[in-house]
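Trainee: Compute the structure for the input listed below.
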Amino acid sequence: MNKFIRELQQKIGYLNKEGRAYIKDFKNTIILAHGNDATYQDLVEQYGTTDEIANGYLAAGGFKDVPKGHKFKLYILTFIVFALFVGLYIVLRNHFESERAFIDREVIIVEGE
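Mentor: Numbers count the residues shown, from 1 in each chain. Predicted coordinates:
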C-alpha cells in the first residue's frame with residue numbers, strides 16, 4: 001500500500017494543501033476498505049493504476065497554483081537560457097566574421113633621386 005501511495009504522490013507532483021488532503025483521504029479509504037494488508041495489485045484492481053488516479057485528480061483541477069518560488073525559479077532559468085543563446089550567437093558571429101576578415105599589407109618603397 002505504501003508503494004502505491006508514494007507512486008501516486010510522485011505522479012501528481014507538487015502537492016498543495018488540498019493535494020495532501022486528497023492523498024490522506026485516499027489512504028484512509030484504502031485502510032478502511034482493505035486494512036494495511038492490501039497489495040499493490042489489489043489496489044490497482046480496485047481503484048485503477050496510479051497514472052489513472054493522478055490524471056483524474058489533475059483533470060479535476062487538483063493542480064491549481066504553482067508556488068511563487070517555483071515561478072521565480074522558472075523565470076530565472078528562462079532568462080539564463082536566453083542569455084546563453086544570445087552569448088553563443090555573439091561569439092559565433094564574431095568568430096565567422098573574423099575568418100572572413102584578413103589583413104593585407106603592402107609595402108611601398110620610394111627610392112630617392
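Trainee: residues in contact with Glu7?
Mentor: The contact partners of Glu7, by CB atoms under 8 Å, 6 or more residues apart in numbering, come to Thr50. For glycine as for every other residue, the C-beta is placed from the backbone atoms N, C-alpha and C.
Trainee: From Ile31, how far off is it?
Mentor: 17 Å (CB to CB, to the nearest Å).
Trainee: Please report the distance of Val44 from Thr50.
Mentor: 8 Å.
Trainee: Can you pull the residues that touch both of the two?
Mentor: Joint contacts of Val44 and Thr50 (CB under 8 Å, 6+ apart) are Phe4.
Trainee: Tell me which of the two has more neighbours.
Mentor: Neighbour tally, Val44 and Thr50, criterion other CB atoms under 10 Å: the higher count belongs to Thr50, 21 against 14.
Trainee: Flag the shaky bits of the chain, pLDDT-wise.
Mentor: Across the chain, residues meeting the criterion (pLDDT under 70) sit at 13-16, 60-70, 98-104, 113.
Trainee: what do you get if the cut-off is 80, keeping everything else the same?
Mentor: By pLDDT under 80, the low-scoring segments of the chain are 1-2, 4, 8-20, 22-23, 32, 34-38, 54-72, 95-108, 112-113.
Trainee: mind listing the helices for it?
Mentor: 2-12, 17-34, 40-47, 50-59, 68-100 (DSSP state H).
Trainee: got a list of contacts for the shortest one?
Mentor: The contact list for helix 40-47 (CB under 8 Å, 6+ apart) reads 1, 3-4, 30, 33-34, 53.
Trainee: can you tell me which residue is nearest the centre of the protein?
Mentor: Leu74 (9.0 Å; CA atoms, centre = their mean).
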